[in-house]
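1. I would like to see how this sequence folds:
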Amino acid sequence: MKILLYLEAEKFLRKSGIGRAIHHQKRALDIAGIDYTTNPKEDFDIAHINTYGIKSILLLFRVKRMGKKVIYHGHSTQEDFRNSFIGSNLLAPLVKRYLTFLYSHADLVITPTTYAKQLISSYGVKTPIVAISNGIDLEKYKRSIDKELAFKKHFHVKENEKIVICAALYFKRKGIDDFVKVAEMMPDVRFIWFGETNLWTVPGWVRRLVKTNHPSNVEFPGYIKGDVYEGAMTASDAFFFPSHEETEGIVVLEALASNQHVVARDIPVYNGWLDNRAASLVSTNEAFVEKLSDVLTHKIDKHIAGYQVAQSRSIDSISSQLVAAYHAVLDES
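-> Down below sits the predicted model:
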């Protein structure tokens, strides 16, 4: 069995959750000993498509004409397209129809969570859908003194400085406005937002928020990966993720794998796998401030339970689930 893992516009998507997800798929197949390629010109048995552009849809129908199987990865929904790019809310109903069309022509849809599975099913998609986490590389996010030093040196971190981080695109959906409002309410804490989006693709108020309309204790350093980012995950005091909508939230898994304290918005995507035993899930800015303050003053400590959640969704554990999904699709022949 050989799998085509397809990611269109890789350069554009490498900073996104989809970009991370395909790296996890490669690692999962390496663990399982399953042969794969990223080149659609090579021979393969199943095309596992992760993206939605014109090349992806052309590949979908070419593979179907070849009599081979297609798995579509349901990374995207109408709900998580809203409140992102300029005009996204107007386009969201069309995106729903487009996604429904694509998912309906696959042999199987894989989604990261039961919540995403329910959303896609509600569109009227009759294709079988299975929920398999995007997974997390536990080894990559294990604490490293060298990585922490790289982070502290890059950001000139002072002794006893309290630091709260987030990692996301510059979207309203990600709660970027609430991140700044909470920082305003906690002026003695340093807030760092990892990640970026082309500022000309987002609404003007987001552009101004990132450029100038934020307090001095907030920083937008852009997209940073590797040792600095991984060191930030373990060396900071809390991971604050005020996102309004996700299909899973890979960065939350990264924080949990880092033994980090997570404060996040209480949204349906976490139902069934993340609760208040492993993270602080609340819904208002005042509650965010309260929970972050509790973490910073050591009144609560949920990192052990949080790490156990990451373990349950490790790449090693999802590897066998992916392979089972591939075999199930081939067995339908």
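2. By mean pLDDT, point me to the weakest helix or strand of this protein.
-> None of the helices or strands of the chain scores lower by mean pLDDT, DSSP states H and E than helix 10-13, at a mean of 69.
3. Can you name the element that comes right after that one?
-> Note on helix 10-13: by DSSP states H and E, the next helix or strand toward the C-terminus is helix 17-32.
4. List of residues touching that next one?
-> With contacts defined as Cβ atoms under 8 Å, 6 or more residues apart in numbering, helix 17-32 is touched by 3, 5, 7, 10, 13, 35-36, 48, 50-51, 73, 75-76, 112, 134-137, 247-251, 315-316, 318-320, 322-323. (C-beta placed from N, C-alpha, C; glycine too.)
5. among those, which are in helices?
-> 10, 13, 250-251, 315-316, 318-320, 322-323 (DSSP state H).
6. Make a PyMOL selection of the buried ones in the residues you listed.
-> To isolate the buried ones among the ones in helices among the contacts of helix 17-32 in PyMOL, judged by 16 or more other Cβ atoms under 10 Å, type:
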select buried, resi 13+250+251+315+316+318+319+322+323
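7. Can you name the residues that contact the nearest residue to His105 once chain neighbours are set aside?
-> Leaving aside its chain neighbours, His105 sits nearest to Leu60 (6.1 Å; criterion: Cβ to Cβ, 6 or more residues apart in numbering). With contacts defined as Cβ under 8 Å, 6+ apart, Leu60 is in contact with 47, 49, 70, 72, 102, 105-106.
8. Weed out the non-buried ones from those residues.
-> Neighbour counting by 16+ other Cβ under 10 Å classes 47, 49, 70, 72, 102, 106 among the contacts of Leu60 as buried.
9. any chance of these in TSV, with distance to Glu219 and pLDDT too?
-> Compiled in TSV, the buried ones among the contacts of Leu60 are given as follows (distance: Cβ to Cβ, whole Å; pLDDT from 0 to 100):
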residue	distance to Glu219	pLDDT
Ala47	41	98
Ile49	36	97
Val70	43	98
Tyr72	37	97
Leu102	38	97
Ala106	41	97
